[in-house]
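Peer 1: build me a model:
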Amino acid sequence: MIDLSQVITFSEAADKWGFANGNTLRKAVERNKFLPGEVRKSGDVWLTTYEAMSRVFGQPRITDITLSYNDISELVVQSVYHQNESQQKIQMLLQSLHTALLEHKTISIIESYAHPERIMVVMKTPADLASFERYIRSLSINID
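Peer 2: Next up, the predicted model:
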């Protein structure tokens, strides 16, 4: 079965690898940097894989802050059993992320440290964080 989490658009790849836009990747296609089957166009959208990007451009750029989705999930689960303490930790985490974004830092949430190539969320603006915070609140946690 194909793991679609490993298929990314050129725009997503450009963002993760720190390029201004997908033009760098389109130029790489023109210069035959990708192997046959590593890229394809679907309608108006170019697609590639994390593996192909890593082969051609190396590892994605390092973000300022990287969090593991597994660690966040564990914190959320703990909040059910130890409400006050874990809820305070979640609130402190959200506040520190807000502060980091105000300092123009980039935050990445990866699936796990065992799979750092699986980037789930990249936050660059307070609006991005607001979406993430809504998600955390949707898990029925009473965070004030």
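Peer 1: quick one: find the helix or strand in this structure with the lowest mean pLDDT.
Peer 2: strand 115-123 (a mean of 78; mean pLDDT, DSSP states H and E).
Peer 1: helix or strand for residue 105, which one?
Peer 2: In this structure, residue 105 sits in neither a helix nor a strand according to DSSP states H and E.
Peer 1: per-residue confidence for it?
Peer 2: pLDDT, residue 105: 83.
Peer 1: find the nearest non-adjacent residue to it, please.
Peer 2: Excluding the flanking residues, the one nearest residue 105 by CB to CB, 6 or more residues apart in numbering is residue 64, at 3.6 Å. For every residue, glycine as well, the C-beta is placed using N, CA and C.
Peer 1: now for that neighbour, how many residues are close by?
Peer 2: Neighbours of residue 64 under the rule other CB atoms under 10 Å: 12.
Peer 1: I'd guessed it sits against residue 106; true?
Peer 2: Yes - proximity of residue 64 to residue 106 meets the contact threshold set by CB atoms under 8 Å, at 5.1 Å.
Peer 1: that older thread, mind listing what's buried along the least confident helix or strand of the chain?
Peer 2: Under the neighbour-count criterion of 16 or more other CB atoms under 10 Å, strand 115-123 has 119, 122, 123 buried.
Peer 1: then residue 47 would be within a strand, right?
Peer 2: Yes - counting by DSSP: H, G, I helix; E, B strand; the rest coil, residue 47 is located in a strand.
Peer 1: and it, how many neighbours?
Peer 2: Neighbour count for residue 47, taken as other CB under 10 Å: 17.
Peer 1: quickly list what it is bridged to.
Peer 2: Judged by DSSP bridges, the bridge partners of residue 47 are residue 9, residue 40.
Peer 1: enumerate every residue touching residue 25.
Peer 2: Listed by CB atoms under 8 Å, 6 or more residues apart in numbering, the contact partners of residue 25 are 10, 13, 14, 19, 39, 46, 48.
Peer 1: confidence-wise, which of these comes last?
Peer 2: Lowest pLDDT among those: residue 19, 81.
Peer 1: state the helix or strand in which the residue nearest to it when sequence neighbours are not counted lies.
Peer 2: Nearest residue to residue 19 in three dimensions, chain neighbours excluded: residue 25, at 7.2 Å (CB to CB, 6+ apart). Using DSSP H and E, residue 25 sits within helix 23-30.
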